[in-house]
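Colleague: Task: produce atomic coordinates for the following.
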Amino acid sequence: MSTRKKLFFGFFLMLALAALFVSIRPQKGRVVGHFDRPDVPAYGARGPYHVGKRDMVMSGERPLPMIIWYPAVPDGNTEAAVTYPYKIKMGAPFGRVTIATATGQAVEMAQYDLSDGPYPLVILSPGFAIGSASYAWLAEHLASYGFVVISPEHQETLDPQNELWSAAITRLQDILAVFAYVDEQVKSGGMLAGLVDGEVTAVIGHSYGGYTALAAAGAQIDTNSFETHCEDAVKADDPAAWLCEMLLPRLAEMADLADLDAVPEELWPDWSDSRVDAIVSMAGDAFFFGQVGLAEIDVPVLAIGGTADKDSPYLWGTYPTYEFTSSPRKARVALEDAEHMIFTNTCESTAWYAKPVVGEFCADSVWVRNEAHDLVNHLTTAFLLAELKHDSDAAAVLAPDVVDPSDVTYAAQGY
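Modeller: Below you'll find the predicted structure:
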């Protein structure tokens, strides 16, 4: 059974009840070092910039917490380390539950390094009900190469009442809100003035965050394709068909939340922002869109997924994203036998109450997670350097005959 299905259908209650009555007492697990490993691929090694981290809250009718990672001025404290919680956002009365932690290299509230700014903006959309800090491994890495990464804390929760359907709409609103926030804050005197170039941007994400990235680039929900896909999945007894059961009956409510008069018979509205120059979808949920909806994307795309993923199956997400987008430059990475949660943080310390379930989030049957992260860092960094900074050396490593076939099955067009 998939991790997401277990969580939605009762498995999370044990974790929530334990977290309600105890404080977190982490137990140290074996830590696999990865910052300076000699076998890291070129762009998987840390970049030249020091990295800072700040927590922000976007005010408004729906306050939206965010984490920002950015190039920072070194403060001389080379021993500083930040601890990132791996949080699952539970429904009331439990709130956010930390199941594990990992150590990073960013410095809290470090001074902005404006010497090479403004820097391209990367918006990172987390997986459903997963905290933004759970993707710090990737956010820090991109910041070290001269990107500013902003990750919104989407306000959905893991609740048996099912917030999957509403998140499909509110997440897209969140991304547009982040763009509006950046527009204000890059002005003279704003919090991001001189740091962020809001006209050179990418959106990246994992799982439901991959869906969010696809929609931000122009993919449109296709009612007919969605319904047909789900009918076929149910008939085939596909293990991922439960996602259809959670979403299809709520299409009318989704349309209402999106201020539509009715469920569109075919394509839903375009919720993209014209400033999105590239996207990265990691195990992204692309089944909403189908061939016609995905064809609306014409910006460069990097699609990465694991072939053993039971939550967002490779053939539901990564494969069609590459096949059907209209992008002149695109790449597809199949991490052979990798599972869905390989894109989240390592779990160096685990809360004792999470021991029965933490394997679902922190372990993979075949891959060493840090090695997978090195590879994803390498390819994602090269892709964003190529597309947002026009780095020809980075673009060259995306050529089909350059990527090491022993690690992945790879396809690329335009590189």
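
Colleague: Now residue 404. Its backbone dihedrals?
Modeller: With angles defined as degrees, to the nearest 10, residue 404 sits at phi -70, psi 110.

Colleague: And for the one 3 residues further on?
Modeller: Torsion angles at residue 407 (phi, psi; degrees, to the nearest 10) stand at phi -100, psi -40.

Colleague: Could you find the closest non-adjacent residue to it?
Modeller: Closest residue to residue 407 apart from its sequence neighbours, by Cβ to Cβ, 6 or more residues apart in numbering: residue 375 at 5.9 Å. Placement of C-beta: from N, CA and C, glycine included.

Colleague: quick one, what contacts that neighbour?
Modeller: Counting by Cβ atoms under 8 Å, 6 or more residues apart in numbering, residue 375 makes contact with 41, 44, 335, 407-408.

Colleague: try residue 147
Modeller: Residues counted as contacts of residue 147 (Cβ under 8 Å, 6+ apart) are 119-122, 384, 388.

Colleague: go again using 7 Å as the cut-off
Modeller: Shown in contact with residue 147 (Cβ atoms under 7 Å, 6 or more residues apart in numbering): 119-120, 122, 384.

Colleague: next one: residue 50
Modeller: 71-74, 113.

Colleague: at 10 Å what do you get?
Modeller: Shown in contact with residue 50 (Cβ atoms under 10 Å, 6 or more residues apart in numbering): 70-75, 78, 105-107, 110-111, 113, 143-144.

Colleague: That one bridge partners, please.
Modeller: According to DSSP bridges, the partner residues bridging residue 50 are residue 72.

Colleague: so where's the stretch 51-200 of the chain shaky on pLDDT?
Modeller: Residue ranges of the stretch 51-200 of the chain with pLDDT under 70: 76-80, 93, 160.

Colleague: re the thing from before, tell me the one among the contacts of residue 375 nearest to residue 220.
Modeller: Lowest distance from residue 220 to these (Cβ to Cβ) belongs to residue 335, with 27.7 Å.

Colleague: hang on, the earlier thing: by neighbours, which of the contacts of residue 375 wins?
Modeller: Within the contacts of residue 375, most neighbours by other Cβ atoms under 10 Å means residue 335, with 27 neighbours.

Colleague: Beta-bridge partners for that residue, please?
Modeller: Residue 335 has these beta-bridge partners by DSSP bridges: residue 306, residue 408.

Colleague: Could you tell me what pLDDT the model assigned to it?
Modeller: If you check residue 335, the pLDDT there is 96.

Colleague: For stretch 349-361, what does the pLDDT average out to?
Modeller: Here the average pLDDT along stretch 349-361 is 82.

Colleague: Would you work out how far apart the start and end of that stretch are?
Modeller: Taking Cα to Cα, to the nearest Å, stretch 349-361 runs 13 Å from one end to the other.

Colleague: go on, stretch 245-257?
Modeller: With Cα to Cα as the measure, stretch 245-257 spans 19 Å from end to end.

Colleague: Could I get the buried residue list for that stretch?
Modeller: Residues of stretch 245-257 classed as buried: 246-248, 250-251, 254-255 (neighbour count, 16 or more other Cβ atoms under 10 Å).

Colleague: With stretch 363-378 instead?
Modeller: Neighbour counts using 16+ other Cβ under 10 Å place 364, 367, 369-378 of stretch 363-378 among the buried residues.

Colleague: what sits against the closest residue to residue 144 other than its chain neighbours?
Modeller: Leaving aside its sequence neighbours, residue 144 sits nearest to residue 47 (Cβ to Cβ, 6+ apart; 3.5 Å). Residues near residue 47 by Cβ under 10 Å, 6+ apart: 71, 140-147, 377, 381, 385.

Colleague: Quick one: the contacts of residue 147 as JSON lines, columns for secondary structure and distance to residue 399 too.
Modeller: Below are these laid out as JSON lines (DSSP: H, G, I helix; E, B strand; the rest coil; distance: Cβ to Cβ, whole Å):
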{"residue": "119", "secondary structure": "strand", "distance to residue 399": "26"}
{"residue": "120", "secondary structure": "strand", "distance to residue 399": "22"}
{"residue": "122", "secondary structure": "strand", "distance to residue 399": "23"}
{"residue": "384", "secondary structure": "helix", "distance to residue 399": "16"}
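
Colleague: Mark which of those are buried, thanks.
Modeller: Among the contacts of residue 147, those classed as buried by 16+ other Cβ under 10 Å are 119-120, 122, 384.

Colleague: Return stretch 305-313 as PDB; C-alpha atoms alone will do.
Modeller: Taking Å, rounded to 0.1, in the frame of the first residue of the first chain, the C-alpha atoms of stretch 305-313 are listed here in PDB:
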ATOM      1  CA  GLY A 305      10.600  10.100 -10.700                       C
ATOM      2  CA  GLY A 306      11.200   6.700  -9.200                       C
ATOM      3  CA  THR A 307      10.000   3.600 -11.000                       C
ATOM      4  CA  ALA A 308       9.000   1.900  -7.800                       C
ATOM      5  CA  ASP A 309       6.800   4.900  -6.700                       C
ATOM      6  CA  LYS A 310       3.300   3.700  -5.600                       C
ATOM      7  CA  ASP A 311       2.100   7.100  -4.500                       C
ATOM      8  CA  SER A 312       2.600   9.000  -7.800                       C
ATOM      9  CA  PRO A 313       3.400   6.200 -10.200                       C
END
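
Colleague: Please consider this matter closed, and thank you.
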